[in-house]
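# sharing a sequence plus its predicted fold:
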Amino acid sequence: MKNIINALMAFFIVFVSGCSQKVVIQALEPAEVDRMSQTKVIAVTDFTHDRVGLSRKIEAKLSNFEINNKKYFTVVSRNDINKVIAEQKLQNSGLVNDEKIVQVGELIGAQAIISGNVSPVTKEDSYFYEPRVRCANRKCTELETYRVRCMKRLIGLSAEVRIVDVAKGDIIYADTLGRTSSFKHCADDSRAIPSKMMVAQKLADDIADTFIYKLTPHYRKFRVKLLEDPDLDYTDEQERLLKVSLKYIEQGRYDKAERFLKELIDATNMKSYVAFYDLGVIKEAQGKYEEAKEYYEYADNLMIEPVEEINEAVIRINSLISKRKKTLEQLNR
């Protein structure tokens, strides 16, 4: 019994330690493909062998993409593209030659053209058996095991996508993007596996999302752990200031939390890294990175032994400052 109690206590300690209070940070990050910020007037041609409408999905997502409530791209009308192609006696799905792509781009006023080729949807089935248990008699006083035949289906889709800079005539981006989904169906299942083309439509949508993510600035959310335990021999009043500040942070009242943390800093003669660090987290959550950096550096200077949260914060805030600078450059081009 004693061993069981000890094990439960150990589990409780681990569980409680893993539930430290955290703050959600929303950080603005730059597009992976930086050159797209210089070619924001774009056109999307029909992809070859596109039975899943991938090019249309990409075009729609580009047209609808907004950052800070502003359109990021100007997408040339598909009707304008088709009109030029008809006049030049070209095939839309055959725009694989860079010279032709540049020619069309210049005629429609696009700075970049997106083209691609979609591979056939793949389907791979494998079979196996799973154990089941059932009553061996009417009263179910005994049980017996049996096996049912099952199938695992893997459906995949991939596409080669590239972006050509109309003015420079070179390739901005080129890659093969792919997605897969797996399904299981057993003989005793009542639900059927979705059709190959139904799954392919969802995979095409996922590929389009991945592609758009590479081309655009975006917000990323993550959680940052607060420090909740005093690092000094706090007085009762100092402990109260820390607890109250944490409660206000939990409620999203950063203004009140900041006031109490500053009181705690004064009360500890600026010697508590916990107060400086938690104040830095507040500033980071508010997007005031320079102020957050200052508070994190104060906390870092007060450390006698390494504190993981503070080490991570010092590295993270410098990265966020750099990324935001690059993102703002992309947005203002």
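Alright, I've got the coordinates.
# make it CA atoms for all contacts and neighbour counts henceforth
Fine.
# would you list every one of the strands in the protein?
Secondary structure of the chain (DSSP state E): strands at 22-29, 41-44, 66-67, 70-71, 74-75, 112-118, 122-135, 143-165, 171-186, 218-225.
# and the ones you listed as a markdown table, adding mean pLDDT and mean neighbour count?
Shown next, in a markdown table, are those (pLDDT from 0 to 100; neighbours: other Cα atoms under 10 Å):
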| stretch | mean pLDDT | mean neighbour count |
| --- | --- | --- |
| strand 22-29 | 96 | 18 |
| strand 41-44 | 95 | 24 |
| strand 66-67 | 94 | 14 |
| strand 70-71 | 94 | 11 |
| strand 74-75 | 96 | 18 |
| strand 112-118 | 95 | 25 |
| strand 122-135 | 96 | 11 |
| strand 143-165 | 97 | 17 |
| strand 171-186 | 97 | 15 |
| strand 218-225 | 96 | 13 |
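# got the contact list for residue 167?
102, 106, 111 (Cα atoms under 8 Å, 6 or more residues apart in numbering).
# ok, the last one to residue 265 distance?
Using Cα to Cα, to the nearest Å, one gets 54 Å for the distance from residue 111 to residue 265.
# not counting sequence-adjacent ones, nearest residue to residue 50?
residue 118 (5.3 Å; Cα to Cα, 6 or more residues apart in numbering).
# my bad, residue 161
The shortest distance from residue 161 to any non-neighbouring residue, by Cα to Cα, 6+ apart, is to residue 116 (4.3 Å).
# for the one you found, give its distance to residue 53.
Distance, residue 116 to residue 53, using Cα to Cα: 12 Å.
# go on, residue 326?
The gap separating residue 326 from residue 53 is 33 Å, by Cα to Cα.
# thinking residue 310 is in contact with residue 299, fair?
Yes. Using Cα atoms under 8 Å, residue 310 makes contact with residue 299 at a distance of 7.1 Å.
# which residue is nearest the centroid of the protein?
When Cα atoms, centre = their mean is applied to the chain, the residue found nearest the centroid is residue 220 (6.1 Å).
# can you tell me, leaving aside adjacent residues, what's nearest to residue 33?
residue 215 (5.3 Å).
# check what pLDDT the one you found gets.
pLDDT, residue 215: 97.
# how far away is it from residue 63?
Distance of residue 215 to residue 63, computed by Cα to Cα: 13 Å.
# cool, residue 57 as well?
Counting by Cα to Cα, the separation of residue 57 from residue 63 is 10 Å.
# again with residue 147
As judged by Cα to Cα, residue 147 and residue 63 stand 52 Å apart.
# check residue 188 too.
Residue 188 sits at a distance of 45 Å from residue 63 (criterion: Cα to Cα).
# which one of the two is surrounded by more residues?
Counting neighbours by other Cα atoms under 10 Å for residue 188 and for residue 63 shows that residue 63 has the greater number, 17 against 10.
# name the nearest residue to that one, ignoring sequence neighbours.
Nearest-residue entry for residue 63: residue 75, 5.8 Å, with adjacent residues in sequence omitted and distances by Cα to Cα, 6+ apart.
# what bridges to the one you found?
Beta-bridge pairing for residue 75 (DSSP bridges): residue 42.
# I'd say it and residue 64 touch.
No. Applying Cα under 8 Å, one finds residue 75 not in contact with residue 64, separated by 9.5 Å.
# once you drop chain neighbours, what's closest to residue 41?
residue 74 (4.7 Å).
# swap in residue 192?
Once flanking residues are discounted, residue 192 sits nearest to residue 185: 7.0 Å by Cα to Cα, 6+ apart.
# contacts only, for that neighbour.
Here residue 185 is in contact with 150-152, 191-193 (criterion: Cα under 8 Å, 6+ apart).
# which of those residues sit farthest apart?
Farthest pair in the contacts of residue 185 (Cα to Cα) is 152 and 191. Separation: 13.9 Å.
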